Every structure is written in structure tokens, then in C-alpha cells.
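A.B. asks: no sequence for this one, just the structure:
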DNA sequence: GCAAACCTTCCGACCGGACGGTAGGCTCTG
DNA sequence: CAGAGCCTACCGTCCGGTCGGAAGGTTTGC
């Protein structure tokens, strides 16, 4: 990631650039990585551009060469996550059409993405409202697509008689989404609870209920 | 809330203070009300002390007369909410000891508090991490008490055979809490969904499952 | 084939403005 | 007149963003 220090003599005034297999795209990536880490820990507003640059061993100048603004970077991170979400939704829809299987898959997928994209998810939910007008609208639109997909699957289950007739698909979906989304507050990849186990428990609770 | 403007001539340089039934405690309250509104809409960091004062038709000077710091105000708001939570938990525990009834009550209570204390809840979840060291620890401690109460009730249900034996009380509780907490993102008091209806749906889903 | 012109990538000093907090004084109550 | 309540003016700091240039790579013209 960081460009390897070349073997040039110390006398060289400036740090040597473009050594070996240097790829300028790495600079951009390391800025994003740095930002993901800092935004997750401290939040968007409490992270300065300077800090992001420092952690990536670069300067503000480099940052503003690669991003239009701090908001631009936030937008990029949000979109990265949403794209992954939309792709996964499509995969699930392309799979089994049994509503129960789909719900199970959705729960597992949601929890997995919380675990894998932990920083993205945290930032997404905490800082979404800080996007301005147009950007916010676009991000919200994509988020709504994801939720609509959830709701569609539940509704399908009701319509086909697999789920109880008195289930309100919207409400049930909000519950499902919330249950999984909330995991970003506590789910710990290195903790004792495996994602699969949590997904299994959630699915059982939602589909079969707690009653013995 | 805002002090009524007196009938003094315009020539009076300063706005007349302490008119009618003026109570200094109202000033404090109006600052809190103003902050609740602004923190919910814009977030803690994006709200300046000046704005809080402006909206309460006061000045920064007044603010710092009533609060030690901006953080102090945040702490106050968090504690206000947590106290309400703890009180409600005690009430539920004092009621029926049927695990199913308790879970139903917990869901209803959680959703109600989300609706009633909407601003508090939003601020609580969004800005909790901005509290520093000791304050954060105390707030987290109280929050853990609430969650422990939830978990205790679920575990009780499992132990007494009311709930399925393979239910992991911790995980189920996280799911329950998340489902309800997430409502702060969408539950709209003035919308078409009543709190009771949502609570009924959530309870049914969790206790009896979605399956027909 | 080689140098001049140009491009990309990055540096570092700087600016304007906003914000949290303070100091000191004024006003009205008790 | 003591003191609570509040206001005005101000300070130091920090932060997003800009700008001129420096160092290397790449293309072009001959």
C-alpha cells in the first residue's frame, strides 16, 4: 500500500515517489481505508481530513487531489456498500423462490454484510443524514430498493399462504431489517457468536416463533 | 415557554425580562427543548450552541449559565431518557410474571418510548459515542441494565419451558431490542401505523412466528 | 534519440470562517 | 446591596478547502 522506500541516498530532499510497482490507485485506496477506520471509530464530523491523510501517510494535498471534498469521500463509501447490497439482493432473488428460504437467506446475508462491511455499515447508518440533498436522495433511493425487496418477499409469502394471513408485510419487514441492522451495534466477528448461529436463531425466532 | 414581551416602549434598550409569572426553570427547559429539536434534526456536532440559544430566543451567555458545557447538556438528555427506561422496566417486572406477557409488554413499551421520546431516542443512539470516558461508561452501564432485564425475561421463559429450549436468550434479546430500537428510523407517530398495531405484529411474529 | 513541453501526483503553507467557551458587566429580585 | 439571571464582545483553536509549485513520468517534435 505505502510506496516502498527506495534505496536512494538520504541526501535526496523529498521522499522518493513512484518506486517499484507503484500504482496511483493504491493511494486512493489507502485514503479510503484510513477514512473507513477513522469514521467508524470517531464519526464523520470528528474526523478531520488531516487525520485521514496522516493515517494514510499522506497530506491533505494528496487527499484533495483524489477527492473533490470530504463529502465526496463519504458518498463514495456509502455507494460502495449499497452496491454490494443490491448485488446480493439480486442473487437471492435469482435463487429459491420459497418465501421461507428467501427470508432465511436475507437474514443470513444481512448479518454477513454487517460483519464483513462493518465499518461501511456503521458509517452508513450513523452518517447517512449528513449527505446533502441530491446525494442523500440517491442513497435513500437505493436503500429503499433493498427494503422493498425484503418486503416483496414477505408479502409473497403471505399471498401464497406460506405465512399467516394477518401478517402486515411492511411491519414485519421493518422488524426483520431492524433486527439485522441493529447487529452492527453488537455483532463481533471475533466474538463467541458466529454469524451462522445468530442467523439460525433469528430465522427460527421469526419463522417459527419463540413458543415451545 | 418564551417570556412574553412586555408592553414597555420601544425605547427600552434591552428586552424586558422577568415579566408576569416568569420562572427561571423555564429558561432551562426551553434550552433543552430547543436542543432536542436541533440535535434530532441536525445531529449534535452540526448544532452550535449559538443555534440552540437562538431557537430558545436566548443567548450563549444564558446557555452557559445553565449548563457547564455542550457535553453537559447531551449528558442531561441521555440521562433523562435512561431514567424513563429504567422506571418502565421496573413496572413491567412488577406486573405479570408470565414470560410471554412480559415480552409483549416489553415490545409495546419499547415502541411507545420510541414514539414518545423520539428525539431523546434518536439522540441517544446517534450521539452516545460522543460522550467522553466516564459519562459514556455510566450511560452504557444503565443501558446494559435495560438489556439485561430483557434477556432475563427471555431466559426465564426458556427455563420454565414456555419458550423453546434451543433459544439462545442473548441472541433473541438482541433481536428483540434491535427490532424495536430500529423503529426510531421509521415509526411515525402521525403516520398510518399505530404503535399498538406495530407492537401486536412484532409480538405475534416473535412469539408465534410467521408460518401459517 | 533526445530534449522540451506537458501531465500526474503529491506537498506544505496558508486563508476565512465557524465554533466552544470565557469575561465582565448590566438588570431586576429579594 | 447581594446575587441570580442574562447579555455582549471577544478569544483561541481547529478545520475544510485552496493554491503554487516540486518531482517524477509521458508524449511530442524534430
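C.D. replies: Cool, got the structure. Owing to the predicted nature of the structure, the values given are computational and were not obtained by experimental measurement. Residues are numbered from 1 along each chain as shown, chains lettered A, B, ... in the order given.
A.B. asks: Show me where chain A has its helices.
C.D. replies: Applying DSSP state H to chain A gives helices spanning A:24-42, A:49-55, A:60-66, A:70-94, A:99-116, A:118-127, A:133-159, A:169-181, A:195-208.
A.B. asks: Give me the neighbour count for the residue of chain A found nearest DNA strand C.
C.D. replies: The shortest separation between chain A and DNA strand C is 2.1 Å, found at residue A:61 (distances taken as C-beta to the nearest atom of the strand). C-beta: built from backbone N, CA, C; applies to glycine. Burial of residue A:61, expressed as a neighbour count using other C-beta atoms under 10 Å in any protein chain shown, amounts to 8.
A.B. asks: again, but for residue A:101
C.D. replies: Under the criterion other C-beta under 10 Å, the count of neighbours that residue A:101 has is 14.
A.B. asks: Kindly report the same for the one 10 residues further on.
C.D. replies: For residue A:111, the count of nearby residues is 23 (other C-beta under 10 Å).
A.B. asks: Tell me which residues touch it, please.
C.D. replies: By C-beta atoms under 8 Å, 6 or more residues apart in numbering or on different chains, residue A:111 lies in contact with A:180, A:183, A:187, A:195, A:198-199, A:202.
A.B. asks: The worst-scoring helix or strand of chain A on mean pLDDT - contacts with which helices or strands?
C.D. replies: The helix or strand with the lowest mean pLDDT-type score in chain A, counting by mean pLDDT, DSSP states H and E, is helix A:133-159 (a mean of 86). Contact partners of helix A:133-159 among helices and strands, from 3 or more C-beta pairs under 8 Å, 6 or more residues apart in numbering or on different chains; DSSP states H and E: helix A:70-94, helix A:99-116, helix A:169-181.
A.B. asks: just the angle between the last one and helix A:195-208, please?
C.D. replies: Taking axes from the mean of the first three to the mean of the last three C-alpha atoms, to 10 degrees, one finds helix A:169-181 and helix A:195-208 inclined to each other by 160 degrees.
A.B. asks: now do the longest one
C.D. replies: Following the same axes, to 10 degrees, one obtains 60 degrees for the angle between helix A:70-94 and helix A:195-208.
A.B. asks: again with the second one
C.D. replies: Here the directions of helix A:99-116 and helix A:195-208 differ by 150 degrees (the same axes, to 10 degrees).
A.B. asks: Average pLDDT for helix A:99-116, rounded please.
C.D. replies: Along helix A:99-116, the predicted confidence averages to a pLDDT of 92.
A.B. asks: which residues does the residue nearest to residue A:139 when sequence neighbours are not counted contact?
C.D. replies: Closest residue in space to residue A:139, ignoring its immediate chain neighbours: residue A:78 at 5.2 Å, by C-beta to C-beta, 6 or more residues apart in numbering or on different chains. The neighbours of residue A:78, taking C-beta under 8 Å, 6+ apart as the test, are A:120, A:123-124, A:128, A:131, A:139.
A.B. asks: any idea how far residue A:67 is from DNA strand D?
C.D. replies: Spatial separation of residue A:67 from DNA strand D under the definition C-beta to the nearest atom of the strand, to the nearest Å is 8 Å.
A.B. asks: For that residue, which non-adjacent residue is spatially closest?
C.D. replies: The spatial neighbour of residue A:67 that comes closest, neighbours along the chain excluded (C-beta to C-beta, 6+ apart), is residue A:73 at 4.8 Å.
A.B. asks: So what's the residue count around residue A:90?
C.D. replies: Applying other C-beta under 10 Å, we find 11 residues neighbouring residue A:90.
A.B. asks: I'd like to know how far it sits from residue A:121.
C.D. replies: Noted for residue A:90: a distance of 19 Å to residue A:121, by C-beta to C-beta, to the nearest Å.
A.B. asks: in chain A, which ranges drop under the pLDDT threshold?
C.D. replies: Per-residue confidence of chain A (counting by pLDDT under 70) places the weak regions at A:1-24.
A.B. asks: Recalculate using a threshold of 50.
C.D. replies: Low-confidence regions of chain A, defined here as pLDDT under 50, cover residues A:1-18, A:21.
A.B. asks: For stretch A:97-105, buried residues please.
C.D. replies: A:99-100, A:102-105 (16 or more other C-beta atoms under 10 Å in any protein chain shown).
A.B. asks: meant to ask about stretch A:77-87, not that
C.D. replies: When neighbours are counted by 16+ other C-beta under 10 Å, the buried residues of stretch A:77-87 are found to be A:77-78, A:81-82, A:85.
A.B. asks: Distance to residue B:69 added to the helices of chain A, as JSON lines?
C.D. replies: As requested, the helices of chain A are exported to JSON lines (distance: least, C-beta to C-beta, whole Å):
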{"stretch": "helix A:24-42", "distance to residue B:69": "19"}
{"stretch": "helix A:49-55", "distance to residue B:69": "23"}
{"stretch": "helix A:60-66", "distance to residue B:69": "29"}
{"stretch": "helix A:70-94", "distance to residue B:69": "26"}
{"stretch": "helix A:99-116", "distance to residue B:69": "34"}
{"stretch": "helix A:118-127", "distance to residue B:69": "23"}
{"stretch": "helix A:133-159", "distance to residue B:69": "30"}
{"stretch": "helix A:169-181", "distance to residue B:69": "32"}
{"stretch": "helix A:195-208", "distance to residue B:69": "39"}
